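Trainee: here is a sequence with its predicted model. Questions after.
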Amino acid sequence: MKIIQVVGLANSGKTTFIKDLIPALSTRGKVAVIKHLGDHEFFLEGGKDTTGFFEAGAAISAGVDSHKSILAIRNNSLDDLLALFHHMGMDFAVLEGFKKRDFPKIVIGDLSIDRCVLQNPEIQEVISSLHLFEDFADKK
């Protein structure tokens with residue numbers, strides 16, 4: 001599983017870039033995305049059974065409808081999520097943010113940061129440069 005990290009300052013266009021990158025990567029395999037929420041928290045919808053299960057202490061609470069599954073996972077370790085995606089057979093894990101992590105990075109905007117391999121690239125440039133990104137190595 002290739003780890004493709006996308007970083008940049010707030011409102012630099014990271015999310016838009018990733019939304020454009022996903023279809024191109026999807027022609028080459030399964031894509032998972034992890035967004036670093038930074039200073040804000042994601043809130044589970046109140047009054048729902050899956051939220052109640054999570055609030056009651058479940059390590060993982062899942063809901064399945066006719067189109068998708070949702071998971072609330074108590075563990076917030078990026079490494080554990082990458083391992084989960086790897087074991088689920090994902091071919092690509094796209095990370096939005098996590099600037100302090102030491103992966104090769106795509107930088108959107110003018111941010112100066114270590115391990116930048118592409119800055120403000122076109123989608124096709126990323127696809128032709130996939131060899132620059134690390135493969136996940138499960139440490140467990």
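Mentor: Here it is on my side, so go on.
Trainee: okay, the closest residue to residue 91 other than its chain neighbours: pLDDT?
Mentor: Excluding its sequence neighbours, the residue lying closest to residue 91 (C-beta to C-beta, 6 or more residues apart in numbering) is residue 29, at 2.7 Å. Just so you know, the C-beta spots here come from the backbone N, C-alpha and C atoms, and that holds for glycine as well. The score at residue 29 is 98. That number is its pLDDT.
Trainee: go on, residue 51?
Mentor: 89.
Trainee: buried ones in the helix or strand it falls within, by neighbour count?
Mentor: Secondary structure assignment for residue 51, by DSSP states H and E: helix 49-55. When neighbours are counted by 16 or more other C-beta atoms under 10 Å, the buried residues of helix 49-55 are found to be 50-51, 54.
Trainee: what is the nearest of those to residue 37?
Mentor: Distance to residue 37 across the buried residues of helix 49-55 (C-beta to C-beta) is lowest for residue 54, with 16.3 Å.
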